[in-house]
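Novice: Sharing a sequence plus its predicted fold:
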Amino acid sequence: MALPVVHALSSSCIVENRNSAYSYNIFYMNGWQCNERTQSEAILLPYIREHELNSLLDVTVRTDSVESGWGLEPSFDVSAMTEVRVPLGGTALLPCRVRHLAGRPVAWLRRRDWHILTWGAASFTSDGRFRVLSSHSGRDWSLRIRHVQRHDNGTYECQVPTGSGTKSHLFNLHVVVPRAVILGRREYHVGEGSTVSLVCIIDNGPLVAQFTFWKHNDRTVVADDDASKGMSVATDADGARPHSRLLISRAEATHAGSYTCGAPGADPDTVHLFISQGNRRRSPPSLL
């Protein structure tokens, strides 16, 4: 296979391969890179694998057909939801619908690092969680991301080449991370012998109260082991607002310190308890 020549033409590159010419936007990833000198020739970087080049050329539309007025300019269906919220670990679907596509390839890019994820049906990422889903009509090119992680949060671009450049439609993916919330203040000051009640809920996620755990000064509170120390944990998973409650029946100096509530995959929350000698003072009533 003869190595194509790349010409830098303002915002696009033309790949010449003997009898055909193909147009695509300049991106500095996956080895595709135009020479920065305008109107000068450049060679594709040598580490491009031949099968990747073949995949790209096979799915790319001929620019001479577009420039001659063949078909209509593509346009995006802007009625699709562009603000997508998905819980951590869930599946995201970014719906890109293009009218008058006329065989042009649809590309998906991640704006955080300008990485080309897909071009037409070809994938340009080793991350198997990403896949483009196309409809039989050829108008829908949705990007599916399975097992969404925190770092997937950000903007994704659906892009289509035209005779004069490219058209883009942006989607913002918001990864919703569950978090533990201990209701009330961040600090409690109580006297010895007081009753302390701490209530924790799990916000922004499908996690339920029975999966929560408590730590006292980085040591996990175990209900059976700590009952003799005046601490108990009760879970209400069936109420209007499921929660976990840590109860200290008679506060002692050994109960002072930090208390952390957490759950698998959730951001933890911490409050601090200070015990003083003298008159007994009850902690403020819980919010539940």
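Specialist: Okay, I see it. All values derive from a computational prediction rather than experimental measurement.
Novice: Any regions of this structure where pLDDT drops low?
Specialist: Along the chain, the parts satisfying pLDDT under 70 run over 1-71, 205-210, 223-228, 238-240, 278-288.
Novice: Can you show me the helices along it?
Specialist: Assigned by DSSP state H, the chain shows helices spanning 50-59, 63-67, 223-226.
Novice: Would you agree Asn204 is in contact with His174?
Specialist: No: assessed by C-beta atoms under 8 Å, Asn204 is found out of contact with His174, at 10.6 Å. No exception for glycine: its C-beta is placed from N, CA and C like everyone else's.
Novice: give the contact list for Glu157.
Specialist: Applying C-beta atoms under 8 Å, 6 or more residues apart in numbering, we find Glu157 in contact with Trp108, Leu109, Arg110, Arg111, Ser168, His169, Leu170, Phe171.
Novice: Kindly recompute the last result at 10 Å.
Specialist: Neighbouring residues of Glu157 by C-beta atoms under 10 Å, 6 or more residues apart in numbering: 94, 96, 107-111, 114, 116-117, 143, 166, 168-171.
Novice: how about the longest strand seen in the chain: buried residues?
Specialist: The residue-count maximum for a strand in the chain (DSSP state E) belongs to strand 165-176. Of the residues in strand 165-176, Thr166, Lys167, His169, Phe171, Leu173, Val175, Val176 count as buried by neighbour count, 16 or more other C-beta atoms under 10 Å.
Novice: Identify, from those residues, the entry nearest to Leu273.
Specialist: Val176 (30.2 Å; C-beta to C-beta).
Novice: can you tell me how far the closest one sits from Gly90?
Specialist: 8 Å (C-beta to C-beta, to the nearest Å).
Novice: and the closest residue to Thr91 other than its chain neighbours, backbone torsions?
Specialist: Excluding its sequence neighbours, the residue lying closest to Thr91 (C-beta to C-beta, 6 or more residues apart in numbering) is Arg146, at 5.1 Å. The phi/psi pair for Arg146 (degrees, to the nearest 10) reads phi -90, psi 160.
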